[in-house]
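>>> I'd like to go over a predicted model; first the sequence, then the structure.
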Amino acid sequence: MTTIPKPGITEYSTPSDVEVLVIRLVNVRRPLAWDLWTNPKHMQKWLLGPDGWTMPVCEVDLRPGGAWKMTWRKDSGTEMTMTGEYLEVDPPRRVVSTERWGPEWPVTVNTVEFTESGEQTVLTLTMKYPSKAARDKALATGMKGGMDVSFDRLDKLVGSLA
């Protein structure tokens, strides 16, 4: 059984050789948590990773078969683009999508579940890689640190909406 993390804490685990499980409690009801996760006007404010990055491109066609594309730009001009396709969209409960970091990276399948916990929402993200080597390579990128910074930004955005 998964425990609910404390606010401000992201829990990470590797429940199988090909998965990364990420759990975060956000201080909003599920419909707003869904909107913050899926709406480009919000995503561009919080889903930025380490300081010094912006997201000039955030395209979302939120429907099964719809595509998404995000491009991050660092102050130095370095860019990183990720793309994917939505496989399942069940607002405000669950979204499943593919994700590709670029041609040198394999496609992953990401499932995000939004579970109400009183006035808060538990975000449960499961990232499934095609192999243990691919999962471990992704973890070695510093992904956790970038996600922690992004989730902290999400918390601040939530506070500004209250």
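It's in.

>>> The helix or strand harbouring residue 44 - contacts with which helices or strands?
Under the criterion of DSSP states H and E, residue 44 resides in helix 40-46. Using 3 or more C-beta pairs under 8 Å, 6 or more residues apart in numbering; DSSP states H and E as the contact test, the elements touching helix 40-46 are helix 30-38, strand 53-60, helix 143-161. Every C-beta, even on glycine, is put in place using the N, C-alpha and C of the backbone.

>>> which parts of that helix are buried?
Across helix 40-46, burial judged by 16 or more other C-beta atoms under 10 Å covers 40, 42-46.

>>> any idea which of the helices and strands packed on helix 40-46 is most buried?
Highest mean neighbour count of the helices and strands packed on helix 40-46: helix 30-38, a mean of 19 (counted as mean count of other C-beta atoms under 10 Å).

>>> For that helix, name the packing helices and strands.
Packing partners of helix 30-38 (3+ C-beta pairs under 8 Å, 6+ apart): helix 40-46, strand 108-117, strand 120-128, helix 143-161.

>>> Turn the ones you listed into a markdown table, including distance to residue 54 and mean pLDDT.
Output for these, formatted as a markdown table (distance: least, C-beta to C-beta, whole Å; pLDDT from 0 to 100):
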| stretch | distance to residue 54 | mean pLDDT |
| --- | --- | --- |
| helix 40-46 | 8 | 97 |
| strand 108-117 | 22 | 96 |
| strand 120-128 | 22 | 97 |
| helix 143-161 | 12 | 93 |
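
>>> Nearest to residue 23, out of the ones you listed?
Distance to residue 23, taken as C-beta to C-beta, is lowest for strand 120-128 among the helices and strands packed on helix 30-38, at 5.3 Å.

>>> Okay, now the sheet partners of that closest one, with direction.
Sheet pairing of strand 120-128 (DSSP bridges) gives strand 19-26 (antiparallel), strand 108-117 (antiparallel).

>>> Contacts only, for residue 88.
64, 94-96 (C-beta atoms under 8 Å, 6 or more residues apart in numbering).
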